[in-house]
Structures are given as structure tokens and as C-alpha cells.
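Chemist: With the sequence up front, the predicted model follows.
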Amino acid sequence: MKITCPFCKIEYAAKIPKGRRAECIVCGHVWAPDGARGRNRILMWLLMAAFALLVAVIAITMTTRYAPANKTEETIVVEMTGFRRTAAADGARIVISGRVKNMSGRVYGIPDIMLVLRDDAGEIVFTQRIMPPAPVLDIGEVAKFSHTLSGVPENARAARAEFVR
């Protein structure tokens, strides 16, 4: 039988009885060259494969259950409930409030929200991306938000909240 020292890779032609250990005469390393080590490697590979399968199942479950919907306009709705201009020492500020509703029969992740301000002519004069008020919404759940915008142009007259795609 051909055995190899796992430490220094020297090869020997020897017959070692099962359960006995071999010692390398070059480096002094002691190891078990019988088939037990091979069975342990197979068991280790099976355990790693089972673990990888478990991780894959959990990842698929989490992404399908909590992933943002592909059609947010049909399942999640963002509504503005308030638009208020305030004066501050450092310039005009606008406070925008609203809510996000889950109108579907599933749990959904909420995408970021874009606040868009327009002038009297309908031209965009200011945009700001904000984080959603909650990472996920349960079935029928509503999450409220309120955000203060600083450095807003004086000609901003109307606002809209929409999901970032």
C-alpha cells in the first residue's frame, strides 16, 4: 500500500494495520493512514453540503418573503398627508409628512422614498431621497413618516412622494 506523509509529502510503500499510526522518518510527523480518515472526510463533506443546503433554503425564504415587491404601485402605496413651509434663521424649510400602506396580502420590504418639489410651472426644483419609515410592512400595515427639507428654493410650491425604482 502506498502512503504519503501529510506534512512533508514523502511517499512510502508500507502496509500499516488498520487502527495503527505511522511515523515519518524524515519529519517525525505521526498520522493515521488507514481508511478512518477517509470516512471522516466523507462525513465532513456531507455535513458541509447539508449546511449549505440549509443556508440556501433560509436565503430563498427570506428573499421571497421580505424582498421588495416588483410592482410596488399595486401592493405598496405612499401618500402625502402634509406639506408645511416654515421659516428658520438659516433659510426656508419644508416639512413633508405622509404614510406608506401595504395594500397586498403579503409582507413586503419598503423601497426608499423620493420627495420631489415642483414650481408653479410643474418643473422639478428640488429632490431628496429618504429612507423608508420601516424596513418591512406586514399585511395591511401603515407606517407614517415626517421629513424636514432644508435649503429648499423659494419657488417650490408642490410636493410629491414616490418610491425609488
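Modeler: Thanks, I have the structure now.
Chemist: Show me what counts as buried in whichever strand or helix holds Ala52.
Modeler: Counting by DSSP states H and E, the secondary-structure element that holds Ala52 is helix 36-66. Within helix 36-66, no residue is scored as buried using 16 or more other Cβ atoms under 10 Å. In short, each C-beta sits where N, CA and C put it, glycine included.
Chemist: what's the answer for stretch 126-139, then?
Modeler: If you call a residue buried by 16+ other Cβ under 10 Å, then stretch 126-139 has these buried ones: Phe126, Gln128, Pro132, Pro133, Ala134, Val136, Leu137.
Chemist: Likewise for stretch 142-155?
Modeler: Using 16+ other Cβ under 10 Å as the test for burial, stretch 142-155 gives Ala143, Phe145, His147, Leu149, Val152.
Chemist: what does that stretch rub up against?
Modeler: With contact meaning Cβ atoms under 8 Å, 6 or more residues apart in numbering, stretch 142-155 is reached by 81-82, 88, 90-102, 110, 113, 115, 117, 119-120, 125-126, 128, 130, 132-134, 137.
Chemist: go on, stretch 47-63?
Modeler: Contact with stretch 47-63 is made by no outside residue, as judged by Cβ under 8 Å, 6+ apart.
Chemist: One more: stretch 10-25?
Modeler: Outside of stretch 10-25, the residues that reach it under the criterion Cβ under 8 Å, 6+ apart are 1-5, 7-8, 26-27, 29-36.
Chemist: buried sites along it?
Modeler: Neighbour counts over stretch 10-25 (16+ other Cβ under 10 Å) mark Ala22, Cys24 as buried.
Chemist: Output that stretch as PDB - backbone C-alpha positions only.
Modeler: Taking C-alpha atoms only, stretch 10-25 is exported to PDB below (Å, rounded to 0.1, in the frame of the first residue of the first chain):
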ATOM      1  CA  ILE A  10       7.200  11.900   1.400                       C
ATOM      2  CA  GLU A  11       5.800   8.700  -0.100                       C
ATOM      3  CA  TYR A  12       6.200   5.200   1.500                       C
ATOM      4  CA  ALA A  13       5.400   1.700   0.300                       C
ATOM      5  CA  ALA A  14       4.100   0.100   3.500                       C
ATOM      6  CA  LYS A  15       1.300  -2.000   4.900                       C
ATOM      7  CA  ILE A  16       0.000  -0.400   8.100                       C
ATOM      8  CA  PRO A  17      -2.600  -2.500  10.000                       C
ATOM      9  CA  LYS A  18      -6.000  -0.800  10.500                       C
ATOM     10  CA  GLY A  19      -6.100   1.400  13.600                       C
ATOM     11  CA  ARG A  20      -2.300   1.800  13.800                       C
ATOM     12  CA  ARG A  21      -0.400   5.100  13.300                       C
ATOM     13  CA  ALA A  22       2.500   5.800  11.000                       C
ATOM     14  CA  GLU A  23       5.500   8.000  11.800                       C
ATOM     15  CA  CYS A  24       7.500   9.700   9.100                       C
ATOM     16  CA  ILE A  25      11.200   9.000   9.400                       C
END
